[in-house]
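In: Return atomic coordinates for the entry below.
(2 chains)
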Amino acid sequence: MEILYYFKYDDLRSKEVKDSNLLYCDGIIVPIKYLTDKEKYQIDFELVYKIEKKFNKDIYLLLDKMVLSKDEVYLTLVIASLMKSKYKIIFSDFYYLNKAREYNCLDKMIYFSPTLLRSKEEVSTLFSFKIDNVILSYLDEITMEDILSSYGPLGILGYYYPQLFVSKRKLSKANLELNPSLNINHFDFNSLKEESREEELIYYEDDQFALYSSKLVFNLPFIKENQDKIKYLIIDSYLDDDKDIVKKIKEGL
Amino acid sequence: MSKLLLPAGNLLKLKFAVLYGGDEVYLGGKNFSLRNKADNFTLDEIEEGVKFAHSYNKKVYVTVNVVIKNNLGNQIVDYLRELEKRNVDGVIVSSLFLIQKIKELGLKLEVHLSTQVSCMNKEAMKFFASLGVKRIVLARECTLDNIISLSKENICDIEVFIHGGMCSSISGRCSLSDHLCLRGANDGLCAHSCRWKYYLSNDIDKKDPFVLGVKDLMGIEIIDKLASYCQSFKVEGRMKSEYYVAKIGLIYSKALRLIKENKYDENSKKELLKALLEIENRPLSLGYLKNNFTSDDIIDLRVSRDVNHSYLGYIDEVDQVSKTIKIVRKNDFKNNEIVRVIPYDREPFLIKIENLRDEDSPVNVASKTEKPYYVNLNTVLKPLYILEKYE
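Out: Modelled structure (predicted):
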């Protein structure tokens, strides 16, 4: 089992490490600029080699944004570099699957959808397309265990705040236009509450609007019990700042 | 020429959709579609609906677009076989597993890719076309320009939402309703949580709502720009009434007819727009079909809207012997009231309600929901004609 951790921030020019999770993980997932839902910490593809050089870990490019025609225009400029790079690619849009066929690099592709990959049937179909690596959607543990037992080892989200909603519409900007008195932090996390509920829902908006639950999903005993069936354990601390979480999880296993 | 695809929430609505302008209808079975709260169809009802639609040379597509849960695949495949037996023309699916199975088993069902997959680029279209998908329902995030450019690629047939409710999130990527009230959108149980009221956490007095919901789509103003590029225009609304389906069907089919005859000018647009605004209860916008997204596209929760009570009922039966018509009542109407008849095969006209009675005795007002009422037949009327308030 490899523990993969999302790159959030670090000073790539300095030897000092600001986020020690990057030292303890087995691989680093890098959200690629313009092509990821994790816009707050997106990185230029050209800088990825610096992350690799500094941390000497396996690199996984995160291309989880759904591809609009306008993104396709941008992608025509970079797709060859992405597909020909030595890095594995985590993707959500079938745009990439078709391109991977064209570049004959299906073996480096890892499918991930937070919502659409919920059954053995879908996993086996992806395998039939020669996508050998997948990350399962948000699932209850019984279902996850069932799929892992049949088709594992597979990737799972081990520590995450579920993405609840992702919109191409710039809702924050539109709300502000409608009501300029709203106190919104631009290019930072903001939090919302549904009128009758206490839970904070966290959103971030740059090119699109993404809303997350503030409730952490993390079940160490489940991970421990199933670790031989897990290929990638994803630690997604997009919304928190625990710099020791990977170390703690490794110690707990 | 583009087809008009209308929603059918139940068998009655299917008949209205077929009669009032739909070239094609889509419906869901009791399971595996994304509108579990609609009445939906048993297999026998699907068979009856298909026979009815085919008798008018119209097509029927069945939505089987839930995200497949573990171990349900074979059950759904059995269901697809049943649909094939009942001569359904095609299925709207989102599952790769189902797309593969239909191909593998050689089922005679057209495969349409559901908007739940959020297909909005040509590479994804090529991928699905390579699996045998005949038609792709494009994501509702596609702009007018996107749609035209994707259509020009000639990869497969394109279906575009032209009217009705919109998802604010990318379809298929939303778990808000599941998270807040355990009603998963991908299980067909969406509670429309994006239309609820939210506040920024720093708005302690809850003065200014933060809006996640977007207005419904209304594409009548630009349908002419798209007509040469889309094989099908879809109207959302399996939960809406038969009246809504019929009126929307009449309006959009008229628009398509005028476009075909090269007569869709500004005046006809205005006339059809006015007609649409008269029946809609929800706020509307052009959404991405105007090529961008603005604050005008989100719902202003501070504005309230009136509910439309124009729909009085529909004619259920015509008895030529006793010269009586039976009306299924939806809103109040009175004896001696002048009402407008909306037929599906001729221009609207007025009639006077005469000798109004319920099953037992004469009444002055038809006021009981869904109850049958009877009036005298004084002119040529047919079952499924609509009665509307005349003001």
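In: So for the lengthiest helix in chain B, what gets flagged as buried?
Out: In chain B, assigned by DSSP state H, the helix with the most residues is helix B:242-260. For helix B:242-260, a neighbour-count test (16 or more other C-beta atoms under 10 Å in any protein chain shown) marks B:242-256, B:258-259 as buried. For glycine as for every other residue, the C-beta is placed from the backbone atoms N, C-alpha and C.
In: show me what contacts residue 105?
Out: Just so you know, I chose chain A. By C-beta atoms under 8 Å, 6 or more residues apart in numbering or on different chains, the contact list for residue A:105 reads A:83-84.
In: Hmm, no, I was thinking of chain B.
Out: B:77, B:81.
In: what's the answer for residue B:316, then?
Out: By C-beta under 8 Å, 6+ apart, the contact list for residue B:316 reads B:326-328, B:372, B:383.
In: Can you list the low-confidence ranges for chain A?
Out: Scanning chain A for pLDDT under 70 picks out no residues.
In: care to break it down by domain?
Out: The record's domain parsing of chain A by automatic domain parsing lists A:2-161+A:216-252, A:163-214.
In: chain center to the first one: distance?
Out: Think domain A:2-161+A:216-252. When distances are taken as C-alpha atoms, centre = their mean, to the nearest Å, domain A:2-161+A:216-252 is centred 5 Å away from the chain's centroid.
In: Could you work out the end-to-end span of it for me?
Out: Between the opening and closing residues of domain A:2-161+A:216-252 there is a gap of 15 Å (C-alpha to C-alpha, to the nearest Å).
In: and what of the shortest one?
Out: Using C-alpha to C-alpha, one end of domain A:163-214 lies 10 Å from the other.
In: That one and chain B in contact?
Out: Yes - using C-beta under 8 Å from any C-beta of the partner chain, domain A:163-214 comes into contact with chain B via A:163-171, A:173-175, A:177-179, A:181-184, A:190-195, A:197, A:200-201, A:211, A:213.
In: Filter those residues down to the ones in helices?
Out: Residues of the residues of domain A:163-214 next to chain B located in helices (DSSP H): A:171, A:173-175, A:177-178.
In: can you pick the most crowded of those?
Out: Counting neighbours by other C-beta atoms under 10 Å in any protein chain shown, residue A:171 leads those with 27 neighbours.
In: thought that one was touching residue B:212?
Out: Yes - between residue A:171 and residue B:212 there is a contact under C-beta atoms under 8 Å: 6.1 Å.
In: shared neighbours of these two, anything?
Out: residue B:168.
In: follow-up on the earlier one: which pair in the contacts of residue B:316 spans the largest distance?
Out: The most widely separated members of the contacts of residue B:316 are B:372 and B:383, with 12.6 Å between them, by C-beta to C-beta.
In: and which of the ones in helices among the residues of domain A:163-214 next to chain B is nearest residue A:14?
Out: For these, the minimum distance to residue A:14 (C-beta to C-beta) is 34.7 Å, reached by residue A:173.
In: Let's check: the centremost residue of chain A is which one?
Out: In chain A, the centroid-proximal residue (C-alpha atoms, centre = their mean) is residue A:62; its distance is 6.0 Å.
In: quick one: secondary structure of that residue?
Out: Following DSSP: H, G, I helix; E, B strand; the rest coil, residue A:62 is assigned to strand.
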